[in-house]
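**Student:** Provide a 3D model corresponding to the input given below.
(chains A and B)
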Amino acid sequence: MRLVIRKIRGMRDILPPNSTALTRITRIFRETASMYGYREVIPPTIESFELFALKSGEEIKKSMYVFKDKAGREVALRPEVTASIARMFLEELMAKPRPIKVFYIANCFRYEEPQKGRYREFFQAGVELIGSDSILSDAETILLLDEYYERLNLPIEVIIGNVGIYRSILGEERIGEEKQDRIIWLIDKGFLEEALREASGKASNPVRVKRVLEELSTIRTSSNYDEAFREGEKLLKDNYPAALKSLENLRKLLEMVEGATWSKIVLNLGFARGLAYYTGIIYEVKSPNINVSIAGGGRYDGLIELYGGPKTPATGFAIGLDRTLLSLMEAGIEISGEGSNIRVLIVPLVDEAIKLAMGILRKIHSVGVEASIELMGRSLRRTLSYASSMKYTHVILIGRREMEEGKVTIRDMARKTQKTVDTEKLIDEISDD
RNA sequence: GCCGUGGUAGCUCAGCCCGGUUAGAGCGCCGGACUGUGGAUCCGGAGGUCCCGGGUUCAAAUCCCGGCCACGGCCCCA
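**Tutor:** From the prediction side, this is the model:
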């Protein structure tokens, strides 16, 4: 039979064992964020298109699900969650004591060509910390991110930089903010040449800015942080005092997290992230076995103001849950299931045993163990064959012989042994193992 | 948006180049051998608009064109 109606392009059905694995890494995120004092918020899937357009410009439209609802409002399926949280802050959280710490787990949508690790619907988990401009908040969120991946047992590297360094340099060269965004975007995309050309074209000291940007972009290390900072200082101290402060900030952050993390920390003075709203510390998580980033975040002190609110500092990150899972699988890391690993199949061999089987089913459930009743009405031989292929650990048989004695037969599938016991003693038999 | 490879049974695929009986295999599923005891074995069964549409032809799974979808890469991003 061929189905006429199929999945929409870019959409997935997520089935076991992937669905259980995804649920599990989601649960671990929820636990980790909660332990850091974050509380869950659930924003709507659909927002006004304006919310995303304001931040990223009109051209974002082509990579988004945008449509008019029945009342003619231009709406969008969220491509990310930070914008929703900023809106939520303005509408509902302004009066709360600072810092405001919220986390979310949400499906997001982007209308792009599907390929490995990329679907049109995907899952993100993230935190936002609003109201603190302290570098300590950046450090703590990085620690949270790091703890999450430690709990998953996934080796990662965290690349850390401070986009404030670039912004300060370009600012002191009297380059406007929009131009800054473009230059930073170019650097992030690896078009260093073009970025340098555009920067020196507008700068008050073209030769100097070109040299400094070029050299900054080469400073990257996972071991010798001190030397990297010394080089950075040398570049900035004479002409770019504000950039020097950003560098100092980055140094403080690194001192805070150094030695406290499970991840490999890569310091990258030339690091930029394309998203326009980042203003300070930025970071990205990479896993050695997959060459796209699996999480990213940073400080965005200007976003809330952009939405018409008061100038409010904020920092946070988003984790790509699908890519994290993909990375775990490619690394061959076991994502163990939850709960008891005992699974029981109850087999009534005669109709009169069905009521008893149902009672037993409920009794086993009450001690937190999985149990089901055999439903197919097939021969015992096939039933046992089925039970072993489905990895049941115990089979309970209730036939005429058992009924007469008020007992049940319980078979240990692994040991291939069985005994007939009083119905009351059943639970003890199962949990013995 | 662009490029490459593919689409035949629930799954993995053969057949296509070189058009020609009722389109095949392995695995899986259901059953029988075996009506109360296992992953084995043997036997049987169900399951196909050969992705869709058009064209060429006496004849198309097979050749041609268009579309859709999947996978991978570019771009972009998470």
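**Student:** for the residue nearest the centre of chain A, which non-adjacent residue is closest in space?
**Tutor:** Centroid check for chain A by CA atoms, centre = their mean gives A:I319 as the closest residue, at 2.7 Å. Sequence neighbours aside, A:A295 is the residue nearest to A:I319 in space, at 4.2 Å (criterion: CB to CB, 6 or more residues apart in numbering). All C-beta atoms are positioned from the backbone trio N, CA, C, and that covers glycine.
**Student:** same check on A:K202?
**Tutor:** That would be A:I175: by CB to CB, 6+ apart, it lies 4.9 Å from A:K202.
**Student:** try A:V41
**Tutor:** Using CB to CB, 6+ apart, the nearest residue to A:V41 is A:V102, at 4.7 Å.
**Student:** for the residue nearest to A:I319, give its distance to A:E248.
**Tutor:** 26 Å (CB to CB, to the nearest Å).
**Student:** pick out whichever of these two has more residues nearby.
**Tutor:** For A:A295 versus A:E248, the count of surrounding residues by other CB atoms under 10 Å is larger for A:A295: 24 against 16.
**Student:** is it true that the residue nearest to A:I319 touches A:D322?
**Tutor:** No. A:A295 lies out of contact with A:D322 (CB atoms under 8 Å); the separation is 11.5 Å.
**Student:** burial count for the residue in chain A that RNA strand B sits nearest to?
**Tutor:** Across chain A, the shortest distance to RNA strand B (CB to the nearest atom of the strand) belongs to A:G399, at 2.3 Å. The local packing of A:G399 (other CB under 10 Å) involves 16 other residues.
**Student:** so what's the closest residue to it other than its chain neighbours up against?
**Tutor:** Counting by CB to CB, 6+ apart, A:L349 is the residue found nearest to A:G399 once chain neighbours are left out, at 3.6 Å. Contact partners of A:L349, counting by CB atoms under 8 Å, 6 or more residues apart in numbering, are A:380, A:397-400.
**Student:** let's have the residues you listed in JSON lines, adding distance to A:Y149, pLDDT and secondary structure.
**Tutor:** What follows is the contacts of A:L349, written out as JSON lines (distance: CB to CB, whole Å; pLDDT from 0 to 100; DSSP: H, G, I helix; E, B strand; the rest coil):
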{"residue": "A:L380", "distance to A:Y149": "48", "pLDDT": "92", "secondary structure": "helix"}
{"residue": "A:L397", "distance to A:Y149": "46", "pLDDT": "95", "secondary structure": "strand"}
{"residue": "A:I398", "distance to A:Y149": "48", "pLDDT": "94", "secondary structure": "strand"}
{"residue": "A:G399", "distance to A:Y149": "52", "pLDDT": "92", "secondary structure": "coil"}
{"residue": "A:R400", "distance to A:Y149": "56", "pLDDT": "90", "secondary structure": "helix"}
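**Student:** buried ones among these?
**Tutor:** Buried members of the contacts of A:L349, scored by 16 or more other CB atoms under 10 Å, are A:397-399.
**Student:** closest to A:W262 among those?
**Tutor:** Within the buried ones among the contacts of A:L349, the smallest distance to A:W262 is 48.9 Å, found for A:L397 (CB to CB).
**Student:** next secondary structure after the one helix or strand A:K419 maps to?
**Tutor:** If you go by DSSP states H and E, A:K419 is part of strand A:417-422. Next along the chain after strand A:417-422, taking DSSP H and E as the criterion, comes helix A:426-431.
**Student:** for that next one, output the C-alpha coordinates as CSV.
**Tutor:** Only the C-alpha atoms of helix A:426-431 are listed here, as CSV (Å, rounded to 0.1, in the frame of the first residue of the first chain):
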residue,chain,number,x,y,z
LEU,A,426,5.1,-12.5,42.5
ILE,A,427,6.5,-9.0,43.1
ASP,A,428,9.3,-10.4,45.3
GLU,A,429,10.2,-12.8,42.6
ILE,A,430,10.5,-10.1,40.0
SER,A,431,12.4,-7.6,42.1
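**Student:** low-confidence ranges in the stretch 301-433 of chain A?
**Tutor:** A:336-340, A:432-433 (pLDDT under 70).
**Student:** recalculate using a threshold of 80.
**Tutor:** In the predicted model, the stretch 301-433 of chain A carries pLDDT under 80 at residues A:334-340, A:430-433.
**Student:** and what about the residue nearest to A:W262 when sequence neighbours are not counted, helix, strand or coil?
**Tutor:** With CB to CB, 6+ apart as the criterion, A:W262 has its nearest non-adjacent residue at 3.9 Å, and that residue is A:E150. Each residue gets one of three states, and A:E150 gets helix by DSSP: H, G, I helix; E, B strand; the rest coil.
**Student:** pull the number of nearby residues for A:E150.
**Tutor:** For A:E150, the neighbour count with other CB under 10 Å is 15.
**Student:** distance of it relative to A:K189?
**Tutor:** 31 Å.
**Student:** which residue packs closest to A:G161, ignoring adjacent ones?
**Tutor:** Nearest one to A:G161, counting by CB to CB, 6+ apart, is A:F271 at 2.7 Å.
**Student:** A:L144 belongs to a helix, doesn't it?
**Tutor:** Yes. A:L144: assigned to a helix according to three-state DSSP.
**Student:** count of residues packed around it?
**Tutor:** Residues near A:L144, counting by other CB under 10 Å, number 22.
**Student:** RNA strand B contacts on the stretch 301-433 of chain A?
**Tutor:** Within the stretch 301-433 of chain A, the positions near RNA strand B by CB under 7 Å from any atom of the strand are A:318, A:320, A:322-323, A:349, A:376, A:378-382, A:384-389, A:391, A:397, A:399-402, A:409, A:411-416, A:418.
**Student:** show me those that map onto helices.
**Tutor:** Members of those lying in helices (criterion: DSSP state H): A:322-323, A:380-382, A:384-389, A:400-402.
**Student:** no further questions, thank you.
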